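A.B. asks: quick one, structure for this:
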Amino acid sequence: MNNAERAVELFGQRFMCSQAVFAAFADELGVSEAQALKIGGCFGAGMMKAEVCGACTGALMALGAKYGHCDASDMESRANAGAKAEQFLDEFKRRKGSYICRDLLGCDISTAEGKACAREKGLFTSVCPEMVRAAAEIVAEMLAEDG
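C.D. replies: As a prediction, this is how the structure comes out:
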């Protein structure tokens, strides 16, 4: 099973989009799946406010685990991590039209009305898995580029 398939599987198990994407890469990034699921737990549904898609947030967590800097004086790694984040977001937007949750779903799930609309239209089972898949595919492609 590849990373994108694992991410979709986790999402199908009722984990948040952010959790599913980050956890799909956990083992290869030196993080346990349990840790990744916990870390990603508060970022789904566009940080619960229909902002940046949780699948994208999980992807950015994965990229941060790989490329992020931990030495305050390491400006080269800092710049590289920022470039990776921009590359990811630009590619996700190219493929899906936006990386903003409310734009992707066509309703604002930060409101009770928006959540009801999304449920009524089946968006959490039709649109969201595709966002999870796309985010994981892009991260996998980026990681493969760098070997």
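
A.B. asks: okay, CA-based contacts and neighbour counts for the rest of this
C.D. replies: OK.

A.B. asks: excluding its backbone neighbours, what's nearest Gly44?
C.D. replies: Leaving aside its chain neighbours, Gly44 sits nearest to Gly54 (4.3 Å; criterion: C-alpha to C-alpha, 6 or more residues apart in numbering).

A.B. asks: I figured that neighbour hits Ser18, correct?
C.D. replies: Yes: under the criterion of C-alpha atoms under 8 Å, Gly54 makes contact with Ser18 at 4.4 Å.

A.B. asks: anything in contact with each of the two?
C.D. replies: Shared contacts of Gly54 and Ser18 (C-alpha atoms under 8 Å, 6 or more residues apart in numbering): 43-44.

A.B. asks: low pLDDT regions in this protein?
C.D. replies: Across the chain, the ranges flagged by pLDDT under 70 are 147.

A.B. asks: centroid residue for the chain?
C.D. replies: Ala55 (2.5 Å; C-alpha atoms, centre = their mean).

A.B. asks: returning to that earlier point: can you count the residues close to the residue nearest to Gly44?
C.D. replies: Neighbour count of Gly54, defined by other C-alpha atoms under 10 Å: 33.

A.B. asks: run through the residues that contact it.
C.D. replies: By C-alpha under 8 Å, 6+ apart, the residues touching Gly54 are 16-18, 43-47, 101.

A.B. asks: reformat these as CSV; add secondary structure.
C.D. replies: Putting those into CSV (DSSP: H, G, I helix; E, B strand; the rest coil) gives the following:
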residue, secondary structure
Met16, coil
Cys17, helix
Ser18, helix
Phe43, coil
Gly44, helix
Ala45, helix
Gly46, helix
Met47, helix
Cys101, helix
